[in-house]
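Visitor: just the structure for this:
(one chain, ligands or ions: 2)
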Amino acid sequence: MKHLKYLNKFLWKYKTTLILGLVFVFITNIFAIYPAEFVRNALDGLLDKLNDKDTKDISLLLIKYGCLIVLFAILKGVFLYLTRQTIIVMSRKIEYDLKNEVYEKYQKLSIEFYKKNRTGDLMNRITEDITKVRMYLGPAIMYAINLSFLFSLIIYKMLLVSTVLTTYVLFPLPILALSVYFVSNRINKKSEKVQAQLSTITAISQESFSGIRIIKSFTNEENSLYVFYQSCKEYTQRQIELIKIEAMFIPLIITLIGISTVLTIYIGGLEVFKGNITTGNIAEFIIYVNMLAWPVASVGWVTSLVQRAAASQERINEFLQKKENIYNTNNTDTSIIGKIEFNDVSLIYSDTNIEALTKINLTINTGKQIGIFGKTGSGKTSIVNLICRLYDANDGEIKIDNKNIRSHNLNILRSSIGYVPQDGYLFSGTIKDNIGFAKDDINEAEIENAARKAEMLDEINSFPNKFNTIIGERGIQLSGGQRQRLAIARVFYKDPQLYIFDDCLSAVDANKEQKILNNLKQETKNKTTIIISHRISTIEESDNIIVLDKGKIIEEGSHKQLLKNQSFYSQIHVNQIHNQ
Ligand SMILES: Nc1ncnc2c1ncn2[C@@H]1O[C@H](COP(=O)(O)OP(=O)(O)O)[C@@H](O)[C@H]1O
Ligand SMILES: [Mg+2]
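Guide: Numbers count the residues shown, from 1 in each chain. Ligands and ions are numbered 1, 2, ... in the order given. Below you'll find the predicted structure:
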């Protein structure tokens with residue numbers, strides 16, 4: 001239960017709605033229980049008249065009570081509607097608030113967090129877990145309040161009539177509550193298994209749809225079908241188990257209510273003979289018992305709802321309480337000029353314990369272009385991760401414009417950087433939206449300009465819908481080189497103070513690559529540029545080149561100087577020239 005305490009702040013936020021809901025529940029129950037008394041009075045009145053052989057006003061009597069019952073039923077309906085309009089609506093509003101809170105937290109958490117948690121898990125917390133919490137805030141709270149009011153009112157009414165009868169009639173109810181609790185617990189467990197299998201089926205189909213080209217070219221259809229068939233079979237099996245238990249639910253409740261009703265008639269009958277109660281009281285009691293049955297049954301159901309909500313909220317809290325290890329501490333708006341310094345910087349990734357960078361020292365002055373060269377896994381991207389503050393260094397100091405990177409305004413730092421990552425991720429949407437990603441309002445002329453600088457303009461114009469062409473899963477398929485050039489255009493449009501190209505020209509042909517690099521040079525006369533590549537031709541024009549190996553700088557200098565060194569760089573240069 002302690003995990004659900006977190007939600008109290010939301011209940012407090014919507015306290016007026018909640019209190020109003022409470023009042024409505026109370027009024028609903030008042031209107032719900034009086035008709036039982038009307039039935040008793042009508043019956044007793046009827047019997048009196050029959051005994052006295054006075055049949056004159058019978059229909060008047062019955063019409064009077066009939067109308068009262070209808071009137072109360074209507075009023076009960078009205079207030080029931082209002083109850084749902086308050087409490088259930090409140091639960092939806094809290095669901096909305098909580099979803100936003102979790103999503104906002106997601107946006108703040110570091111890349112490290114995303115490496116440690118699976119996407120499916122992140123999605124579940126924001127969908128399934130929050131739904132379970134809503135079931136606590138809405139139905140569970142509503143039924144709990146309803147039950148406590150109804151229970152006290154009915155017991156009070158029953159005791160007014162007969163203590164003996166009340167005791168007997170109430171006897172089966174705790175058994176009812178307990179058995180419903182056990183059954184719904186089992187139903188929940190089984191349906192979770194069904195859900196899990198459904199996710200497996202979804203994952204299997206998703207994979208085979210994305211990999212359909214491989215499946216077809218390896219003629220693997222039958223195998224793929226078999227895997228699907230197996231998991232569907234398992235799904236059906238689990239569904240059948242669930243249905244078996246669900247089928248017990250209603251008969252169980254009906255049996256226990258039946259027992260109560262039989263007891264009412266039997267014990268009640270005896271009491272009538274003793275003259276303690278009237279015949280009408282028996283009818284009244286039967287109505288009470290039936291009214292109590294569902295709320296009492298719901299105790300079991302509500303308990304399991306609350307338990308599930310608590311487990312879900314625990315998972316949500318775990319994320320909400322995660323410390324953001326990289327956050328902004330400075331809200332001034334000093335802009336970034338672009339000088340970068342690394343002093344003995346080391347980086348160890350905490351999840352893998354890999355020392356990606358060891359005692360790196362380098363200085364990049366504004367207006368200069370630096371090339372970073374090294375084999376895959378040598379630590380090139382790690383340097384960029386540090387400059388963008390996607391990670392913080394474990395040791396040493398990084399300075400931007402002579403000030404520690406951690407004391408810069410993080411938002412300004414990141415918005416001053418134009419980073420083209422290795423995998424150039426594009427969002428589903430139009431080309432225009434993808435290039436214009438950095439800014440809220442889109443300037444068509446500038447978008448076109450950015451596409452031109454990325455050597456992509458002609459191709460975009462050859463698409464039927466030009467800049468409005470949809471890319472992504474349901475849109476046009478772009479080649480690797482086209483994707484990279486779009487990612488580059490996105491950064492040209494951003495027009496940042498610091499350009500970082502992380503191996504993002506690998507699929508672009510040599511001719512276009514040189515043009516893009518020339519455009520970049522034009523663009524960055526007063527700006528800092530970092531170009532990462534494992535191809536020497538991409539970086540040879542840089543003012544300075546650092547050569548990385550196993551996280552250490554092993555050589556540094558201009559292309560000419562490095563060739564003179566006759567070591568690692570020049571050897572690779574010879575190889576690459578040969579392979580061309
Ligand atoms: N986000 C990360 N979490 C854990 N280990 C990482 C991460 N990124 C890179 N590494 C590891 O750090 C080393 C350097 O990687 P990286 O900087 O990506 O090299 P490069 O860009 O030169 O290919 C590699 O051994 C890689 O496996
Ligand atoms: Mg890399």
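Visitor: how far does the strand or helix carrying residue 236 sit from its chain's centre?
Guide: Assigned by DSSP states H and E, residue 236 belongs to helix 221-274. How far helix 221-274 lies from its chain's middle: 32 Å, per Cα atoms, centre = their mean, to the nearest Å.
Visitor: and that helix, what does it pack onto?
Guide: For helix 221-274, the helices and strands in contact under the criterion 3 or more Cβ pairs under 8 Å, 6 or more residues apart in numbering; DSSP states H and E are helix 163-170, helix 172-210, helix 279-320. C-beta: built from backbone N, CA, C; applies to glycine.
Visitor: for the residue nearest to the spatial centre of the chain, what are its contacts?
Guide: In the chain, the residue lying closest to the centroid (Cα atoms, centre = their mean) is residue 126, at 2.1 Å. Taking Cβ atoms under 8 Å, 6 or more residues apart in numbering, we find residue 126 in contact with 99, 102-103, 106.
Visitor: helix, strand, or coil at it?
Guide: Using DSSP: H, G, I helix; E, B strand; the rest coil as the criterion, the local structure at residue 126 reads helix.
Visitor: what's the pLDDT at it?
Guide: With respect to pLDDT, residue 126 scores 87.
Visitor: and the residue of the stretch 101-250 of the chain found nearest ligand 2, how close does it get to residue 389?
Guide: As assessed by Cβ to the ion, ligand 2 sits closest to residue 111 within the stretch 101-250 of the chain, at 13.7 Å. Between residue 111 and residue 389 the distance is 10 Å, computed by Cβ to Cβ, to the nearest Å.
Visitor: higher neighbour count, the two?
Guide: Set residue 111 next to residue 389 and count neighbours by other Cβ atoms under 10 Å: residue 389 wins out with 21 against 12.
Visitor: below-threshold pLDDT in the stretch 351-500 of the chain: ranges please.
Guide: 473-475 (pLDDT under 70).
Visitor: give me the buried positions along stretch 328-337.
Guide: 328, 336-337 (16 or more other Cβ atoms under 10 Å).
Visitor: so which of those is the closest to residue 284?
Guide: residue 328 (67.5 Å; Cβ to Cβ).
Visitor: just checking, that closest one touches residue 410?
Guide: Yes - here residue 328 reaches residue 410: they are 4.0 Å apart, a contact under Cβ atoms under 8 Å.
Visitor: now the contacts of residue 126 in a markdown table, with secondary structure, distance to residue 61 and pLDDT?
Guide: Converted to a markdown table, the contacts of residue 126 look like this (DSSP: H, G, I helix; E, B strand; the rest coil; distance: Cβ to Cβ, whole Å; pLDDT from 0 to 100):
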| residue | secondary structure | distance to residue 61 | pLDDT |
| --- | --- | --- | --- |
| 99 | helix | 56 | 92 |
| 102 | helix | 60 | 91 |
| 103 | helix | 62 | 93 |
| 106 | helix | 66 | 90 |
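Visitor: so which of those residues reach ligand 2?
Guide: Near ligand 2, judged by Cβ under 5 Å from the ion, there are no entries from the contacts of residue 126.
Visitor: buried members of those into PyMOL, please.
Guide: Isolation of the buried members of the contacts of residue 126 (16+ other Cβ under 10 Å) is achieved in PyMOL through the command below:
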select buried, resi 99+102+106
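Visitor: and residue 22, how far from residue 547?
Guide: For residue 22, the distance to residue 547 - Cβ to Cβ - is 72 Å.
Visitor: for ligand 2, what's its nearest residue on this protein.
Guide: residue 381 (3.2 Å).
Visitor: secondary structure class for that residue?
Guide: Residue 381 - assigned by three-state DSSP - is helix.
Visitor: over to residue 426?
Guide: coil.
Visitor: which residues are in contact with it?
Guide: Neighbours of residue 426 in contact, by Cβ under 8 Å, 6+ apart: 434, 471-472, 478, 483, 486-487.
Visitor: ok, and the most crowded of these?
Guide: Going by other Cβ under 10 Å, residue 487 tops those with 25 neighbours.
Visitor: on that earlier part again, grab the nearest non-local neighbour of the residue of the chain closest to ligand 2.
Guide: residue 502 (5.8 Å; Cβ to Cβ, 6 or more residues apart in numbering).
Visitor: thinking the one you found is in contact with residue 421, fair?
Guide: Yes - assessed by Cβ under 8 Å, residue 502 is found in contact with residue 421 at 5.4 Å.
Visitor: which one of these two is surrounded by more residues?
Guide: Neighbours per residue (other Cβ under 10 Å) separate residue 502 from residue 421, with residue 502 holding more: 22 against 16.
Visitor: mind checking pLDDT for that one?
Guide: Confidence score, pLDDT, at residue 502: 91.
Visitor: and it, how far is that from residue 384?
Guide: For residue 502 relative to residue 384 (Cβ to Cβ), the value is 6 Å.
Visitor: next, show the common contact partners of the two.
Guide: With Cβ under 8 Å, 6+ apart as the test, residue 502 and residue 384 both reach 419, 532.
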